[in-house]
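Undergrad: Show me the folded form of this:
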Amino acid sequence: MNEFAGMIADTVNIPDVHTVLVVDDDESICELLKTALAPHYSVTTCINGEAAMAFIGENSYDLIITDLVLPDVSGIDVLAYAKSRDEFAEVLMITGNATINSAAEAINHGVGSYMLKPFSIPTLLGRVEKMVATRMFHLKSLQLMKRSDLIHPTIKAYIDDITTLYHFTRKLMLTLEISEVMRIILEEANQKTGADFCSLEVAYLEYREIYTMPITGEISKERLDRIFSEHWGAAFPCTVKESFQNGDIPLYIYKGRQGEFDAANEYTCLNLPLIVTGKTIGSLTVWVAAGKEIDHRLDQYLHILTSITSPVIEHVYSDLLARFQARTDSLTGIANHRHFYEALEREIARANRKQSTFALVLADIDNFKTINDTYGHQVGDAVIIELTKRLNANIRSGDVVARYGGEEFGVILPESDLEGAVVLANRVCESIAETPFVSAKYKISYTASFGLAMYNGADPVDKDDLISRADKALYQSKNAGKNRVTVAK
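TA: Below you'll find the predicted structure:
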């Protein structure tokens, strides 16, 4: 053991000072980072991507810190170039303009970490220290693997598996976006096993979904339906076949790597459960041509892979449910007051940017207290639920309906003009008045009043002012006899 440890130490040359390249078009940020990092690292700075690529082409850097948005090229281009020069170069992406797509692209190109502006220097220093340590781990492993004559082939294969799992785990931990998590898992299973395609079923909380990815090219839903039907029990033990065939369970199909999908005539599958604290939350299935076997080492690898991915999948779906509940009204299932304000702020920002218009409609059930006092709160809740259905039945797919208060609702109509907004509001108003609420015991006629305010991005106002205008128009409807739409002046 001591001789082996000595052999590792002799083959690794660890530099006395680690090197960092900082790329940001804001010179003040370059200076800030250089000052913070200089006590521990040799720091070079530049303010554009072209200069960064020149530095990377001529020097070896342990860590590259780059902004996503640069004046000439994208930080993604700097990341890709750095990785093409040195696979184990660590890259930390910093940006104030992050999106799911940009984060996913950075992950795909091998970004080591992702930070949003503004950031704290202590947090950044901690992140840098870990990333440099990670690079040193990779370089030591690389030196060890180069001494392959000293390593038994079986041991070398297992070291390769451990390294692959390490890379996979780092990539997996960089995102909470479900579609990206599933893509990463399926791609890893495909590449490691050489499967024709892999599928992953989720049966956790209220979610039932299936994801599939071929190793190369594209595979059609029709072909998958035929293959799945023949092997359903073995491939999807947590999912009811009839529910899938009826369209109740969504199927998400990813594209594989470049190339054509080479379909086999017959398939066999290997299914591995996803288990968290003794509970099965889904399964991973590897599909190979009939007659082809997955060897024992890869079978072990897949068991480790599923043990790593299971708690991640549990976490991302729990997070999704928590976010949904935080933004959803528990009675009606539509957006709640908080989500309404978030959506309104986004729509105002979009209208300002595009110099476009949109409409805000506030609706309130007339004489709702009388309904509650006469029939009870359960009936009152049922009326609210029915009004929600009528609102949803009359709006467009991109419109937002929210429960603004007890019996008050807000509707945001993006990209709408005054004429279209008035037509929609009147249609909802009439549908409520024309059709009474009917239950097993009661038939209740009721109406609602509406206030409508337009927003013009060319003449922006504060969201509270917009809401106040719609609210005043709503009360004008109330005072004018109810059951009507009033447009704010």
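
Undergrad: which other residues reach stretch 112-130?
TA: Residues outside stretch 112-130 that contact it (C-beta atoms under 8 Å, 6 or more residues apart in numbering) are 20, 32-33, 36-37, 40-41, 63, 65, 90-96, 98, 103, 106-107, 131, 134, 170, 174. Where C-beta positions appear, they are placed from N, C-alpha and C, glycine not excepted.

Undergrad: 7 Å instead?
TA: The contact list for stretch 112-130 (C-beta atoms under 7 Å, 6 or more residues apart in numbering) reads 36-37, 63, 90-96, 98, 103, 106, 131, 134, 174.

Undergrad: With stretch 59-76 instead?
TA: 18-25, 33, 48-50, 52, 78-79, 82, 86, 89-95, 97, 102, 105-106, 109, 128, 131-132, 135.

Undergrad: same thing but at 6 Å, please
TA: 18-25, 48-50, 78, 82, 90-95, 97, 105, 131-132, 135 (C-beta atoms under 6 Å, 6 or more residues apart in numbering).

Undergrad: is it true that Ala359 touches Asp417?
TA: No: using C-beta atoms under 6 Å, Ala359 makes no contact with Asp417, being 8.0 Å away.

Undergrad: Between those two, which is the more surrounded one?
TA: For Ala359 versus Asp417, neighbours defined as other C-beta atoms under 10 Å are more numerous around Ala359 (25 against 13).

Undergrad: do you know how far the residue sitting nearest the centre point of the chain is from Phe197?
TA: Note on the chain: the residue nearest the mean C-alpha position is Glu177, at 2.4 Å, using C-alpha atoms, centre = their mean. Per C-beta to C-beta, to the nearest Å, Glu177 is found 22 Å from Phe197.

Undergrad: the helices in the stretch 201-350 of the chain, which residues?
TA: 221-235, 241-245, 296-326, 337-354 (DSSP state H, counting those that start in this stretch).

Undergrad: weakest of these by average pLDDT?
TA: Mean pLDDT across the helices of the stretch 201-350 of the chain is lowest at helix 296-326; the value there is a mean of 85.

Undergrad: Could you pull out the buried residues of it?
TA: For helix 296-326, burial by neighbour count (16 or more other C-beta atoms under 10 Å) applies to 298, 301-302, 305-306, 308-310, 312-314, 316-317.

Undergrad: A helix includes Leu186, no?
TA: Yes: assignment of Leu186 by DSSP: H, G, I helix; E, B strand; the rest coil places it within a helix.

Undergrad: Torsion angles phi and psi at Gln258?
TA: Backbone torsions of Gln258, given as degrees, to the nearest 10, read phi -60, psi 140.

Undergrad: Could you count how many residues lie near it?
TA: Counted with other C-beta under 10 Å, residues neighbouring Gln258 total 7.

Undergrad: any idea how far Ile334 is from the closest residue to it other than its chain neighbours?
TA: Nearest residue to Gln258 in three dimensions, chain neighbours excluded: Thr216, at 6.9 Å (C-beta to C-beta, 6 or more residues apart in numbering). Going from Thr216 to Ile334 by C-beta to C-beta gives 42 Å.

Undergrad: For these two, indicate the residue with more neighbours.
TA: The neighbour comparison of Thr216 against Ile334 (other C-beta under 10 Å) goes to Ile334, with 21 against 17.

Undergrad: For that one, give me its contacts.
TA: 388, 401, 403.

Undergrad: Restricted to strands, list the residues you listed.
TA: Among the contacts of Ile334, DSSP state E puts 401, 403 in strands.

Undergrad: Neighbour-wise, which one of the contacts of Ile334 leads?
TA: Neighbour max across the contacts of Ile334 (other C-beta under 10 Å) = Arg403, 24 neighbours.
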